[in-house]
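Asker: make a model of this:
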Amino acid sequence: MTIHTTSQIRSPEQSLRPDHWVFPAVLLAVGTFAIGTDSFVLAGILPQLASGLRISEGAAGQVVTAFAITYAIAAPFLSVLTHRVPRKALIAIGLAVFVVMNAAGAFAPTFAVLLVTRVLCALGAASFTPTANAVSTVLAGPAARGRALSITLGGIALGTVFGVPVGTAIGQHFGWQASLLFVAAVGLVALIALSVVLPHLAGEAVVPLRRRFGVMGDPRVILVVLVTGVATGSGILVYTYIAPIVHTIAGISGGTLAIALLIWGVGGAVGAFGCGWFTDRIGAGPTSALGIPVLAAALAVIAFAGSPVVVLIAMFFGGVGSWAFVAPNNHMLTGLHPTMASVVISFNSTGTYVGQAAGAAVGGVLLVSGLGATPTVLIAVAGLVVAAILALAAWRATRVRG
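Answerer: Residues are numbered from 1 along each chain as shown. Next comes the predicted model:
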């Protein structure tokens, strides 16, 4: 029997149909949509969660932190340690753990039990998402790798900007438990559909563990992950506190704020899905290097905008830029180490989550210090300038792979 790696397997049907990968990638995106929603849905209903479990809102907020930290730490290690597991089985296991732990969390009698379910849920997510991204690139092949990544990562974008508000509304009307059940239901749909549709894909190539861990020490990999972390952190620094920032700068609040966030979300969807098209045509490096300045320019406009209309226009481009570099960066990493795609993608996921945590923390410190909205946004812009310079360096360092 011939053993195939995830970078080699190709069925006869796949060879005859160049677009065979689209439907499986969309189903993988349904799973990443559930995970993107789950990452932040509880943040919007902390008062209900705190009241229901009789804890402080500060303590309740730790469920969000626990998920993010667990994912960030576990993702690369899980990818290394599970490389021999067939990809379809690993996707099913990770998604099943994610679904079961969300459902279990909805029935958690105490905060301690809920916290445990959130940690286990993050482990399931950390197994599923990098594997889903790697599998989509295998199914699509090199010519459509960027579009495949943009679809699976686009699921996370849609979950963050659309799934979270829907899940939050459900939680506000039916209790925080309903939010977790909503996420579990979406994940279950993806699990069942993928079990039927996804073709068999063997585990990744047999590579010594030392080499698999060692790939995270590749300077080119570190550089790309650093781009992701710095750019994500700079964007989140503003987005986390966008309500007080745009209220101070342009008097935006209430219904106008909701419209502004929706516009950012629409821009995010355009950036997440559109970057795949650009990646496949002009390359991953140029797409990443162009996307980050778009975000920087949008935030710079917001920093000095006195008009709500100007802010709303800038919010669209801010959304575009904020989601336009992650898929290209994953594309670059996959090109560098195609036989260990899930490992390098999971390492990039760690960069994303660490960037989110750092950006939110720094933004909070800056605003509490009394620095003011405009200087805070300009600090984020400076961070994005650094990220853009790093992106140019990453483009040059990985150019040999496209």
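Asker: next helix or strand past the helix or strand containing residue 146?
Answerer: Residue 146 belongs to helix 145-158 when assigned by DSSP states H and E. Moving toward the C-terminus from helix 145-158, the next helix or strand (DSSP H and E) is helix 164-174.
Asker: quick one: low-confidence ranges for this structure?
Answerer: Applying pLDDT under 70 to the chain flags the ranges 1-19, 202-213, 400-402.
Asker: middle-most residue in it, spatially?
Answerer: Centroid-nearest residue in the chain: residue 156, 5.1 Å away (criterion: Cα atoms, centre = their mean).
Asker: leaving out chain neighbours, which residue sits closest to that one?
Answerer: Nearest residue to residue 156 in three dimensions, chain neighbours excluded: residue 36, at 3.7 Å (Cβ to Cβ, 6 or more residues apart in numbering). Quick note: C-beta positions are derived from backbone N, CA and C, even for glycine.
Asker: for that neighbour, give me its contacts.
Answerer: For residue 36, the contacting residues are 155, 156, 157, 158, 159, 160, 163, 164, by Cβ atoms under 8 Å, 6 or more residues apart in numbering.
Asker: residue 275: which of those residues is nearest?
Answerer: residue 157 (10.2 Å; Cβ to Cβ).
Asker: OK, contacts around the closest one?
Answerer: Contacts of residue 157 (Cβ under 8 Å, 6+ apart): 36, 268, 269, 271, 272, 323.
Asker: could you identify the most distant pair in the residues you listed?
Answerer: Greatest spatial distance among these (Cβ to Cβ): 36 and 271, at 14.2 Å.
Asker: and what about residue 109, helix, strand or coil?
Answerer: Classification of residue 109 using DSSP: H, G, I helix; E, B strand; the rest coil returns coil.
Asker: from residue 183, how far off is it?
Answerer: 20 Å (Cβ to Cβ, to the nearest Å).
Asker: list the buried residues of stretch 257-268.
Answerer: 260, 261, 262, 263, 264, 265, 266, 267, 268 (16 or more other Cβ atoms under 10 Å).
Asker: number of nearby residues for the closest residue in space to the second one that isn't next to it in sequence?
Answerer: Counting by Cβ to Cβ, 6+ apart, residue 242 is the residue found nearest to residue 261 once chain neighbours are left out, at 7.3 Å. Residues lying near residue 242 (other Cβ atoms under 10 Å) number 20.
Asker: how about residue 242, what does it touch?
Answerer: Applying Cβ under 8 Å, 6+ apart, the residues contacting residue 242 are 260, 261, 264.
Asker: residue 50 touches residue 63, doesn't it?
Answerer: No. If you go by Cβ atoms under 8 Å, residue 50 and residue 63 don't touch, sitting 10.3 Å apart.
Asker: of these two, which one has the most company?
Answerer: residue 63 (24 against 18).
Asker: on the three-state scheme, residue 201 is what?
Answerer: Residue 201 ends up coil, using three-state DSSP.
Asker: hang on, isn't it packed against residue 134?
Answerer: No. The pair residue 201 / residue 134 is not scored as a contact, 9.2 Å apart, by Cβ under 8 Å.
Asker: so if I had to pick from the two, which one is more boxed in?
Answerer: residue 134 (30 against 23).
Asker: so the residue nearest to residue 156 is in which element?
Answerer: Counting by DSSP H and E, residue 36 is part of helix 22-40.
Asker: likewise for residue 90?
Answerer: Following DSSP H and E, one finds residue 90 within helix 87-106.
Asker: following element in sequence after the helix holding residue 36, please.
Answerer: helix 46-53.
Asker: mind giving me the packing neighbours of that following helix?
Answerer: If you count contacts as 3 or more Cβ pairs under 8 Å, 6 or more residues apart in numbering; DSSP states H and E, helix 46-53 packs onto helix 57-60, helix 176-197.
Asker: so which of those is nearest residue 334?
Answerer: Evaluated over the helices and strands packed on helix 46-53, closeness to residue 334 peaks at helix 176-197, with 20.5 Å, by Cβ to Cβ.
Asker: quick one: buried residues of the closest one?
Answerer: Buried residues in helix 176-197 (16+ other Cβ under 10 Å): 176-184, 186-191, 193-194.
Asker: and it, how far out from the chain middle?
Answerer: 18 Å (Cα atoms, centre = their mean, to the nearest Å).
Asker: please apply the same query to stretch 332-346.
Answerer: Taking mean C-alpha positions (Cα atoms, centre = their mean), stretch 332-346 and its chain are 16 Å apart.
Asker: now stretch 76-95
Answerer: 18 Å.
Asker: first-to-last residue distance for it?
Answerer: 17 Å (Cα to Cα, to the nearest Å).
Asker: quick one on the thing from earlier: just the contacts of residue 157 now: which is nearest residue 368?
Answerer: residue 268 (27.1 Å).
Asker: helix, strand, or coil at the closest one?
Answerer: helix.
Asker: ok, it - contacts?
Answerer: Counting by Cβ under 8 Å, 6+ apart, residue 268 touches 157, 160, 161, 319, 320, 322, 323.
Asker: number of nearby residues for the last one?
Answerer: Using other Cβ under 10 Å, the number of residues around residue 323 comes to 29.
Asker: roughly how far does the residue nearest to residue 261 sit from residue 96?
Answerer: 35 Å.
Asker: and what of residue 302?
Answerer: 42 Å.
Asker: now residue 252
Answerer: 42 Å.
Asker: likewise for residue 353?
Answerer: Residue 353 is 22 Å from residue 96, by Cβ to Cβ.
Asker: comparing the two, which residue is more hemmed in?
Answerer: Neighbours per residue (other Cβ under 10 Å) separate residue 353 from residue 96, with residue 353 holding more: 22 against 17.
Asker: the nearest residue to that one once chain neighbours are set aside: what's it in contact with?
Answerer: Spatial nearest neighbour of residue 353, excluding adjacent residues (Cβ to Cβ, 6+ apart): residue 72 at 3.8 Å. When the contact criterion is Cβ under 8 Å, 6+ apart, the partners of residue 72 are 349, 350, 353, 354, 357.
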